[in-house]
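[1] Show me how the following folds:
(3 chains)
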Amino acid sequence: MSKTTVRTDQAPTPIASFSQGSAKGGLLQVAGQVGFDPATGVPVGPGLREQIDQTLRNVQAVLEAGGSGWGDVIMTRVYLTDTAHFAELNAAYDDWFAKALPEGDFPARTTIYVGLPAGLLVEIDALAVVGS
Amino acid sequence: MSKTTVRTDQAPTPIASFSQGSAKGGLLQVAGQVGFDPATGVPVGPGLREQIDQTLRNVQAVLEAGGSGWGDVIMTRVYLTDTAHFAELNAAYDDWFAKALPEGDFPARTTIYVGLPAGLLVEIDALAVVGS
Amino acid sequence: MSKTTVRTDQAPTPIASFSQGSAKGGLLQVAGQVGFDPATGVPVGPGLREQIDQTLRNVQAVLEAGGSGWGDVIMTRVYLTDTAHFAELNAAYDDWFAKALPEGDFPARTTIYVGLPAGLLVEIDALAVVGS
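    Alright, predicted model coming up:
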């Protein structure tokens, strides 16, 4: 049961000594993702919805690079910068998971309001239990 | 090892595509709970202590609906809105866990100070490892 | 598969009903550590770098008291109080993990900006999967 480090060019490259994902003993933890386009390294569009969708794509890219997917995810943690963004987060979430998990087996979630680096409106991480 | 979605009317109903609890491979993650009375959907009382106690009851309801309890919990994450509330959190915590875990096998905990939606003073989530 | 409570005098003593670490079923969760010197109970120096290094030492002390180490850690959560501190966090992180994990199998990480009690600039917690 050794630790596996997930690396993919389909999600942003970490800028310090952490991994996009780390897995051991059937658990896969996805690092906090933001709305960077992995191809350019800059945030997509100025809008919240675009950033949320890109962030979810980045989380999914790490999950898939680790041999997993949304069906394995038991928790997402969502960090927003403004309580006024909650409704739009939920709308984006409902659209995303209607497609990703049509049977309704959604992960648990905690949403809190924090500071993020300039230009970033959302950060999301995820914990998955891999295996069928 | 399939994922189980926890649903109970003894904790507040999620307002978007997430679950009160999600379990797989022996792990049960409880979503961030707040001081809503599940019967009314509004926060209990105006006071911090009432909200903390209700929040802990909601966490417990999800744990129990998932076949678990405080003895399985290895981590709680506590989100407060004001550092001046730390002492009252600890007093509530001490009272709660003196009853819930009299042998002192308390979960680990991280407490941070964040923004929450208007009227909410505390949010708590929990990670449990189910099974004896 | 019973829960184990980690206690060590090499990390700060919890001031309420939580544990420095809690382990069950192969998971070890380290509680949020800050830059307190465990010998004195007060924060080391006034500087950010000193606090980060002490915080990482405290996390490590709990990991080791739980029979684990950085090689088992799949996630760290880092809480800073100011986005201007991100570069110094990353410099400290790079130095620390170059020694702790020279093969580059770094944990995943989420960094957010929150409030902390007066005098504290950083808090870090960690999730490990124990066993080889």
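
[2] Say whether chain B is contacted by the lengthiest helix in chain A.
    Ordering each helix of chain A by length in residues (DSSP state H) puts helix A:48-65 first. No. Helix A:48-65 stays clear of chain B (C-beta under 8 Å from any C-beta of the partner chain), getting no nearer than 11.4 Å. Bear in mind the C-beta positions are built from the backbone N, C-alpha and C, glycine included.

[3] Which secondary structure elements does that helix sit against?
    strand A:21-24, strand A:27-33, helix A:86-100, strand A:122-129 (3 or more C-beta pairs under 8 Å, 6 or more residues apart in numbering or on different chains; DSSP states H and E).

[4] what inclination does it have with respect to helix A:86-100?
    Going by axes from the mean of the first three to the mean of the last three C-alpha atoms, to 10 degrees, helix A:48-65 is angled at 40 degrees with respect to helix A:86-100.

[5] immediately after helix A:48-65, which helix or strand?
    Once the chain leaves helix A:48-65, the next helix or strand it forms, by DSSP states H and E, is strand A:73-80.

[6] can you pull the contacts of the residue nearest the centre of chain A?
    Nearest residue to the geometric centre of chain A (C-alpha atoms, centre = their mean): A:Val59, 3.3 Å. A:Val59 makes contact with A:11, A:30, A:33, A:76, A:124-126 under the criterion C-beta atoms under 8 Å, 6 or more residues apart in numbering or on different chains.

[7] The longest helix of chain A vs strand A:122-129, what angle?
    Orientation of helix A:48-65 against strand A:122-129 (the same axes, to 10 degrees) gives an angle of 30 degrees.

[8] Mind exporting the C-alpha coordinates of helix A:48-65 to CSV?
    Taking C-alpha atoms only, helix A:48-65 is exported to CSV below (Å, rounded to 0.1, in the frame of the first residue of the first chain):
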residue,chain,number,x,y,z
LEU,A,48,-18.0,33.3,-11.5
ARG,A,49,-19.9,30.7,-13.5
GLU,A,50,-17.0,30.2,-15.9
GLN,A,51,-14.6,29.8,-13.0
ILE,A,52,-16.8,27.3,-11.2
ASP,A,53,-17.2,25.2,-14.4
GLN,A,54,-13.4,25.3,-15.1
THR,A,55,-12.7,24.4,-11.4
LEU,A,56,-15.0,21.4,-11.6
ARG,A,57,-13.3,20.3,-14.9
ASN,A,58,-9.9,20.6,-13.1
VAL,A,59,-11.1,18.5,-10.2
GLN,A,60,-12.5,15.9,-12.6
ALA,A,61,-9.2,15.8,-14.6
VAL,A,62,-7.3,15.0,-11.4
LEU,A,63,-9.9,12.4,-10.4
GLU,A,64,-9.6,10.7,-13.8
ALA,A,65,-5.8,10.8,-13.8
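
[9] measure the residue nearest to the centre of chain A to B:Gly21 for me?
    Remark: distance between A:Val59 and B:Gly21 (C-beta to C-beta, to the nearest Å) = 20 Å.

[10] go on, A:Asp95?
    Going from A:Asp95 to B:Gly21 by C-beta to C-beta gives 23 Å.

[11] Tell me if I'm right that A:Val44 and A:Gln54 touch.
    Yes. Assessed by C-beta atoms under 8 Å, A:Val44 is found in contact with A:Gln54 at 4.5 Å.

[12] Between those two, which is the more surrounded one?
    A:Gln54 (21 against 17; other C-beta atoms under 10 Å in any protein chain shown).

[13] quick one on the thing from earlier: what I need now is the helices and strands packed on helix A:48-65 written out in CSV, including distance to chain B for each item.
    Output for those, formatted as CSV (distance: least, C-beta to the nearest C-beta, whole Å):
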stretch, distance to chain B
strand A:21-24, 13
strand A:27-33, 8
helix A:86-100, 4
strand A:122-129, 4
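
[14] Format those as a markdown table; extra columns: mean neighbour count, distance to C:Leu116 and mean pLDDT.
    Below are those laid out as a markdown table (neighbours: other C-beta atoms under 10 Å in any protein chain shown; distance: least, C-beta to C-beta, whole Å; pLDDT from 0 to 100):
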| stretch | mean neighbour count | distance to C:Leu116 | mean pLDDT |
| --- | --- | --- | --- |
| strand A:21-24 | 26 | 25 | 98 |
| strand A:27-33 | 26 | 18 | 98 |
| helix A:86-100 | 16 | 24 | 98 |
| strand A:122-129 | 25 | 18 | 98 |
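
[15] Mind putting these into TSV with distance to C:Leu48?
    Output for the helices and strands packed on helix A:48-65, formatted as TSV (distance: least, C-beta to C-beta, whole Å):
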stretch	distance to C:Leu48
strand A:21-24	25
strand A:27-33	20
helix A:86-100	31
strand A:122-129	21
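
[16] Quick check: neighbours shared by A:Val44 and A:Gln54?
    Common neighbours of A:Val44 and A:Gln54 are listed as A:35-37 (criterion: C-beta under 8 Å, 6+ apart).

[17] who are the neighbours in contact with A:Leu101?
    Shown in contact with A:Leu101 (C-beta under 8 Å, 6+ apart): A:70-71, B:17.

[18] can you check A:Asp72 too?
    A:Asp72 is in contact with A:28, A:63, A:128-131, B:3, B:24, counting by C-beta under 8 Å, 6+ apart.

[19] ok, now with 7 Å
    A:Asp72 is in contact with A:128-130, B:3, B:24, counting by C-beta atoms under 7 Å, 6 or more residues apart in numbering or on different chains.

[20] which non-adjacent residue is nearest it?
    In this structure, A:Asp72 finds its nearest non-sequential neighbour in A:Ala128, 4.0 Å apart by C-beta to C-beta, 6 or more residues apart in numbering or on different chains.

[21] Wait, that neighbour touches A:Leu28, no?
    Yes. In this structure, A:Ala128 is within contact of A:Leu28 by C-beta atoms under 7 Å, at 4.4 Å.

[22] what residues are shared contacts of these two?
    A:Ser68.

[23] Can you report how many residues neighbour A:Gly41?
    Neighbour number of A:Gly41 under other C-beta under 10 Å is 10.

[24] Quick check: it vs B:Ser19, distance?
    From A:Gly41 over to B:Ser19 (counting by C-beta to C-beta), the distance is 34 Å.
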